Each structure stands twice: as C-alpha cells, then as structure tokens.
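*Asks:* pasting a predicted model and its sequence here:
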Amino acid sequence: MAITVTDPRPIDRAEEILTPKALAFVEELHQRFAGTRDELLAARGRKRQLVADTGKLDFLPDTQDLRDGDWKVAPAPAALQDRRVEMTGPASPAKMAINALNSGAKVWLADLEDASTPTWSNVIDSILNLRDAAQGTLSYTSDEGKEYALRTDAPLAVVVARPRGWHLPEKHLLIDGEPAVGALVDFGLHFFHVAKQLVLNGHGPYYYLPKMESHLEARLWNDIFVFAQDFLGLHQGTVRATVLIETIPAAFEMDEILYELRDHASGLNAGRWDYLFSIIKYFRDAGEEFVLPDRASVAMTAPFMRAYTELLVKTCHKRGAFAMGGMAAVIPNRRHPEVTEAAFAKVRADKTREANDGFDGSWVAHPDLVPICREVFDGVLGERPNQLDKQRPEVSVTADQLLDIASADGQVTEAGLRLNLYVAVAYTAVWLSGNGAVAIHNLMEDAATAEISRSQVWQQIRNKSVLADTGNTVTRELVERILGEETERLRTEFGDEAFRLYYGPASRLIAEICLSEDYTDFLTTPAYELVG
C-alpha cells in the first residue's frame with residue numbers, strides 16, 4: 001500500500017503534521033480498517049431499503065439478552081466527570097479554537113465534522129491548532145494587532161474532538177490511488193500528534209463519534225481504538241468516546257453501541273438535528289405519515305422526540321454512561337438586544353427541560369450562552385458533577401413511539417418550503433467558501449440543519465405535499481420557481497462576486513439534489529467535489 005499527499009503544504013507549518021511517521025500511521029489504519037468501513041456503508045444501504053419496503057424499524061431481537069443484562073461501561077476519567085456545559089465549534093481558525101477553550105465551558109467539542117468544511121487547509125489547520133493547544137502554545141494575532149492567547153486564570157475546556165463521519169472521503173490523501181477515509185485521516189493525525197501530550201496534561205484522547213447507524217460501526221471504532229493505543233504504547237481505555245445518537249437506526253441500538261465501546265465509552269449525545277435529518281432520509285419514500293411539518297415547528301417536546309431523548313437518558317444512566325443534551329440552534333446577536341433576550345429565554349427553557357430529564361450536560365454554540373447553560377445545570381446538579389444516579393425506571397419506550405412522526409404538531413407550508421430553500425442555498429454557499437457553521441436569521445446553521453432543509457424539499461416533492469398556507473401542491477415546477485426567487489434574493493443580499501463564486505454554484509447543487517428522482521444521501525458528498 002502506498003500513501004500520496006496531493007498537496008503537502010496547504011498551510012504554513014503543515015509539515016509538522018504531515019510527517020512520515022504520522023502518514024505511516026494513517027496508512028496502517030487504512031490497511032487494517034478501511035475495508036470493514038466499506039462493508040458497513042454497504043450494509044447501511046441494504047438496511048435502509050428493507051425499512052423503506054416495510055416502513056418498520058425495531059429493536060434487534062438477537063441482542064435482547066444484552067439489553068436485559070446488568071453491565072456497565074468503564075468509569076469516566078476525572079477530566080470527563082463533569083460535562084455540564086459543552087461548547088461546540090470548529091478547530092480552525094485558531095481564533096475560534098482559543099475562544100472555545102477560554103469560554104468557561106467544561107468541554108469543547110472541537111469539530112472536524114458538521115461545523116467545518118473539510119478543505120485540506122481546514123483539516124490540517126485543525127490538527128495543528130489542537131496539537132498547539134495540547135502543548136499550551138496556541139496563540140493568534142489578528143491583522144489589526146489584537147492578540148488571542150489561552151487563558152491562565154481559569155481551567156481551559158477539556159477537548160473532545162469530532163472526526164468526520166464514515167461516509168466522507170479525503171481526496172488529498174490517496175492510498176493506492178484512492179481517496180482515504182476522512183474519519184481515519186482525522187482520527188489518525190489527531191491521535192498520533194496529540195494523544196500522549198493529552199495524557200501528560202491529565203486528560204486523554206477523547207472523541208465524539210458522529211452519524212453511526214449500527215453497533216457494528218461502533219465495534220469498528222472500538223477495534224481502531226485498541227489498535228491505536230497499542231501502536232503508541234498507551235494503556236487500553238485511555239481513549240474515551242461519546243457517540244452521537246443522531247440517526248434513527250442508532251436509536252434502536254443504544255445499548256448495543258455502548259456495549260461495543262464499553263471499555264472506551266463515556267456517553268451518548270442526543271444529536272437532535274441530524275436525528276431529524278435521518279428520519280426524513282430513512283422514511284423519505286414511506287408515505288405521507290412520515291412527512292414532518294415545517295422544520296421550525298418540530299420541537300423537542302414532540303412525542304417522538306421525547307421518546308428518543310428519554311430513552312437515551314435511561315439507557316446511559318443504566319450503563320453508567322453520561323447523557324449529553326443537544327444543540328439549541330438559537331444564538332444571541334450583540335447588535336440587537338431583543339434578539340439576544342429571546343435567544344437567552346429559549347436556551348434557558350431548552351436546557352431546563354434537559355437538566356430536569358436527567359441529562360448530565362448540554363451543548364451551546366456561542367460563548368455568550370455558556371453562563372445560561374451552566375446556571376441551569378448548576379441549579380439541578382448543585383455540587384454533584386453529574387446525575388448518573390437519576391435512573392429513570394419509569395421510562396418505557398416502544399418502537400412505535402420512536403416512529404410516531406405523525407404526532408408532531410405543525411403543518412407543511414409554502415413559507416417553510418421557501419425558508420428551506422433559502423437556508424439550503426445560503427448554508428451551502430458558506431460551506432463552499434470554507435466555513436462550516438454560519439448564523440442565518442439568528443439561528444446557528446451547520447450541515448445537519450441544511451440536510452434537513454434540502455431533504456424536506458425532496459420528500460415533499462415525492463409525496464406531493466399540499467401546502468397549508470397556499471393550497472399549492474409541492475411539485476418540481478413549484479420548487480424551481482421558489483428556488484429561483486430565493487436565489488435571486490441571495491444575489492441581492494450578498495452581491496454579484498459572492499454569487500458567482502459561491503451562491504450560484506450552491507443554488508445549482510441544491511436544485512440538482514432536490515429535483516433529482518434519486519435521493520442524495522449526504523449534501524456534503526457532492527459539495528465536497530466543489531471545494532479545494
């Protein structure tokens with residue numbers, strides 16, 4: 001097997017990351033594990049087709065004994081005992097990484113996935129920033145001369161890095177002429193350069209694992225962790241992983257996922273936005289009863305979302321694992337106090353519900369929201385670092401409850417369709433420019449929310465949904481017209497040059513995947529072909 005770097009110097013100091021030994025480690029990971037990844041992705045498609053044919057998902061009959069068993073995951077290390085506030089955001093540029101580490105949050109989800117466009121420069125810069133942060137040397141000076149440095153007056157956030165999902169390639173690293181697996185590149189470079197330093201710091205190599213659809217995918221990650229720890233001479237169990245339950249099939253395998261990772265697991269996270277995307281994707285052709293109302297109407301209090309989150313808390317705490325809450329999409333706007341006040345109120349309500357349900361902590365996407373989340377969880381936890389003792393024995397969730405999509409309040413409207421198309425194009429344009437997270441209408445949009453938007457449009461065309469506010473039926477012709485209007489609106493808002501570079505290509509891509517007879521599994525896959 002031979003590894004080739006198509007661009008060995010995408011940023012200054014890239015040679016510090018793309019060392020021969022680091023690349024050899026990444027190559028070894030691929031030699032051992034890429035084939036299994038390929039098999040598991042193929043299995044996803046087969047299972048999805050079976051579900052499409054039957055309209056049913058259920059808990060696995062073959063693992064009933066495991067679900068009934070009395071086992072627990074390994075106890076969490078000291079650095080991960082208290083996770084009441086987790087800041088999320090990309091690890092590049094350095095300014096954002098420093099702000100996240102300094103935010104006062106207990107944990108920083110350093111994101112190489114949905115909040116980061118995987119340009120080659122972003123990938124390498126992210127690893128470099130995380131290595132410098134572990135070494136305590138990360139700093140940044142803006143063009144205006146403003147200096148950013150790691151704080152010394154309070155603890156920095158504990159880093160939990162999120163590599164890309166299994167489906168994404170890395171076209172700038174070729175192995176035997178084929179693009180590498182993005183997840184193995186992200187994990188391999190990060191683990192090789194940072195793991196030992198993090199252990200010396202009293203932390204460890206901690207990861208969030210995204211978009212898994214089965215316990216067999218968790219088993220693959222566990223095998224990778226075992227090999228990687230042996231490779232660097234670290235004790236087994238040094239790696240800790242939190243799995244995002246953000247696909248509908250994974251919701252039926254929470255126990256099994258924790259069991260596969262039991263020596264390395266530290267918890268599960270309710271990845272609410274990708275979860276909604278997954279429901280739409282999985283049941284896109286299963287009939288009108290699986291058509292969600294407008295995205296903005298789907299609250300966490302919807303019965304099927306309550307079933308999902310309460311099952312997650314119960315499962316985690318039964319197994320001694322942490323239950324982590326999801327992202328509140330609203331964000332403050334320092335120029336508009338009324339927007340900020342409304343954002344604070346919504347975040348407070350969201351985090352209060354999670355804390356009272358038994359979650360051990362939750363996510364925020366903006367430093368100004370850290371105090372709100374901390375205050376809410378402080379009020380419930382007090383001096384306790386977590387609430388693993390809250391077992392939720394009264395919770396009993398059935399397959400039908402997890403799939404009760406029709407119980408969601410709200411309607412499908414033309415206003416919602418229009419907003420979906422606007423957001424899908426606007427976000428994709430920003431993604432193409434190299435930024436994976438952006439505020440649109442005072443909501444933090446990332447790849448997950450854009451995926452919901454474009455998937456709802458495809459599903460509504462497929463089901464000929466009737467729009468409650470206009471009475472129109474969603475057709476390709478209607479979508480083409482509204483997309484054209486929203487695209488022109490974006491041209492007016494952002495100008496001809498930005499339109500030529502980003503918004504025009506984004507609109508063409510959204511048109512292609514929304515209007516196609518065939519569903520595109522991930523927006524970021526064709527979008528990745530358009531970035532450097």
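*Replies:* Received it, and whenever you're ready, just let me know what you need.
*Asks:* in three-state terms, label Arg392 for me.
*Replies:* Using DSSP: H, G, I helix; E, B strand; the rest coil, the structure places Arg392 in coil.
*Asks:* and the closest residue in space to it that isn't next to it in sequence, what is it in contact with?
*Replies:* Once flanking residues are discounted, Arg392 sits nearest to Lys314: 4.1 Å by CB to CB, 6 or more residues apart in numbering. In short, each C-beta sits where N, CA and C put it, glycine included. Lys314 sits next to Gly358, Gln391, Arg392, Pro393, Val395, Val397 when contact means CB atoms under 8 Å, 6 or more residues apart in numbering.
*Asks:* for Tyr206, same thing?
*Replies:* Counted by CB under 8 Å, 6+ apart, Tyr206 has contacts Ala79, Leu80, Val158, Val159, Val160, Ala161, Leu198, Val239, Arg240, Ala241, Thr242, Ser266.
*Asks:* and if you look at Thr63?
*Replies:* Thr63 neighbours (CB under 8 Å, 6+ apart): His215, Glu253, Asp255, Glu256.
*Asks:* make TSV from these and add distance to Ala321, pLDDT and secondary structure to it.
*Replies:* Formatted as TSV, the contacts of Thr63 follow (distance: CB to CB, whole Å; pLDDT from 0 to 100; DSSP: H, G, I helix; E, B strand; the rest coil):
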residue	distance to Ala321	pLDDT	secondary structure
His215	14	98	helix
Glu253	14	98	coil
Asp255	10	98	helix
Glu256	13	98	helix
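*Asks:* tell me the one of the residues you listed nearest Ala286?
*Replies:* Glu253 (19.9 Å; CB to CB).
*Asks:* tally of neighbours for the residue nearest to that closest one when sequence neighbours are not counted?
*Replies:* Ranked by CB to CB, 6+ apart and with sequence neighbours excluded, the top spatial neighbour of Glu253 is His215, at 4.8 Å. By other CB atoms under 10 Å, 25 other residues sit near His215.
*Asks:* now swap in Glu341 and tell me
*Replies:* For Glu341, using other CB under 10 Å, the count is 11.
*Asks:* may I ask which helix or strand encompasses it?
*Replies:* Assigned by DSSP states H and E, Glu341 belongs to helix 337-357.
*Asks:* ok, back up a step: okay if I get the contacts of Lys314 as a markdown table plus neighbour count?
*Replies:* As requested, the contacts of Lys314 are arranged in a markdown table below (neighbours: other CB atoms under 10 Å):
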| residue | neighbour count |
| --- | --- |
| Gly358 | 24 |
| Gln391 | 13 |
| Arg392 | 18 |
| Pro393 | 8 |
| Val395 | 17 |
| Val397 | 19 |
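*Asks:* check contacts around Leu419.
*Replies:* Counted by CB under 8 Å, 6+ apart, Leu419 has contacts Asp294, Arg295, Ala296, Ser453.
*Asks:* point out the least confident one among those.
*Replies:* Of all those, Ala296 carries the smallest pLDDT score, 87.
*Asks:* wait, that residue sits on Ala415?
*Replies:* No - in this structure Ala296 lies outside contact range of Ala415 using CB atoms under 8 Å: 9.3 Å.
*Asks:* and the helices in the stretch 351-500 of the chain?
*Replies:* 370-381, 399-402, 414-432, 447-463, 476-494, 496-498 (DSSP state H, counting those that start in this stretch).
*Asks:* turn those helices into CSV, including distance to Ala286.
*Replies:* Output for those, formatted as CSV (distance: least, CB to CB, whole Å):
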stretch, distance to Ala286
helix 370-381, 36
helix 399-402, 14
helix 414-432, 20
helix 447-463, 10
helix 476-494, 20
helix 496-498, 39
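*Asks:* number of residues surrounding Glu310?
*Replies:* 20.
*Asks:* for it, which non-adjacent residue is spatially closest?
*Replies:* Leaving aside its chain neighbours, Glu310 sits nearest to Val395 (4.8 Å; criterion: CB to CB, 6+ apart).
*Asks:* still on that earlier bit, which one (most neighbours) among the contacts of Leu419?
*Replies:* Neighbour max across the contacts of Leu419 (other CB under 10 Å) = Ser453, 28 neighbours.
*Asks:* distance of that residue relative to Thr152?
*Replies:* 42 Å (CB to CB, to the nearest Å).
*Asks:* for the top helix by length along the chain, name the packing helices and strands.
*Replies:* In the chain, assigned by DSSP state H, the helix with the most residues is helix 20-54. Helix 20-54 sits against strand 3-5, strand 169-175, strand 178-181, helix 182-200, helix 215-232, helix 272-282, with contacts defined as 3 or more CB pairs under 8 Å, 6 or more residues apart in numbering; DSSP states H and E.
*Asks:* how big is the angle separating the last one from helix 20-54?
*Replies:* Orientation note: helix 272-282 sits at an angle of 50 degrees relative to helix 20-54 (axes from the mean of the first three to the mean of the last three CA atoms, to 10 degrees).
*Asks:* any low-confidence regions in this protein?
*Replies:* 1 (pLDDT under 70).
*Asks:* so which residue is dead centre in this structure?
*Replies:* Asp114 (5.1 Å; CA atoms, centre = their mean).
*Asks:* nearest residue to it other than its sequence neighbours?
*Replies:* Leaving out its chain neighbours, Asp114 is closest to Ala447 (CB to CB, 6+ apart), at 4.1 Å.
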